[in-house]
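Enquirer: Model the following, please.
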Amino acid sequence: MKDERILTLHPEGKKGVNISNMKYEMIKTFILDTIKRETEISYKDLNDLAIKELSGKFDGSVSWYIVSVKLDLEARNMIERVPKTSPHKLRLKHDSYLK
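Expert: Okay, here's the model as predicted:
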């Protein structure tokens, strides 16, 4: 069976990337579940946690997928950067992700 692909979005309207839908969903779930659990998390901490938890279970560069899917989720208004945080932190945008 051919793996479906998804074209990601970019919050600044730049061209997205065409990636495996299965990988996209895995990373998306990881990002949203992590932010939901932590409330706010720096991008670096999110990336470090992803590498720790997903390496070995994931075929490809975890860091590359994290940044690509993070940008897509920002563009879809599911997560947002917390204003005036350095390094920037991420949080869920309103109630966009309730499970």
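
Enquirer: What count of nearby residues applies to residue 77?
Expert: 11 (other Cβ atoms under 10 Å). Where C-beta positions appear, they are placed from N, C-alpha and C, glycine not excepted.

Enquirer: What sits closest to it if chain neighbours are left out?
Expert: Nearest residue to residue 77, sequence neighbours excluded (Cβ to Cβ, 6 or more residues apart in numbering): residue 93, at 5.3 Å.

Enquirer: which residues touch the longest helix anywhere in the chain?
Expert: Counting residues, the longest helix found in the chain (DSSP state H) is helix 21-38. The contact list for helix 21-38, computed with Cβ atoms under 8 Å, 6 or more residues apart in numbering, reads 3-6, 8, 41, 45-46, 49-50, 53-54, 58-60, 65-66, 68-70, 72-73, 78-79, 90-92, 97, 99.

Enquirer: Helices - which of those residues land there?
Expert: 45-46, 49-50, 53-54, 65-66, 68-70, 72-73.

Enquirer: Separate out the buried members of those.
Expert: 46, 49, 50, 54, 65, 66, 68, 69, 70, 72, 73 (16 or more other Cβ atoms under 10 Å).

Enquirer: farthest-separated two in those residues?
Expert: 49 and 72 (18.6 Å; Cβ to Cβ).
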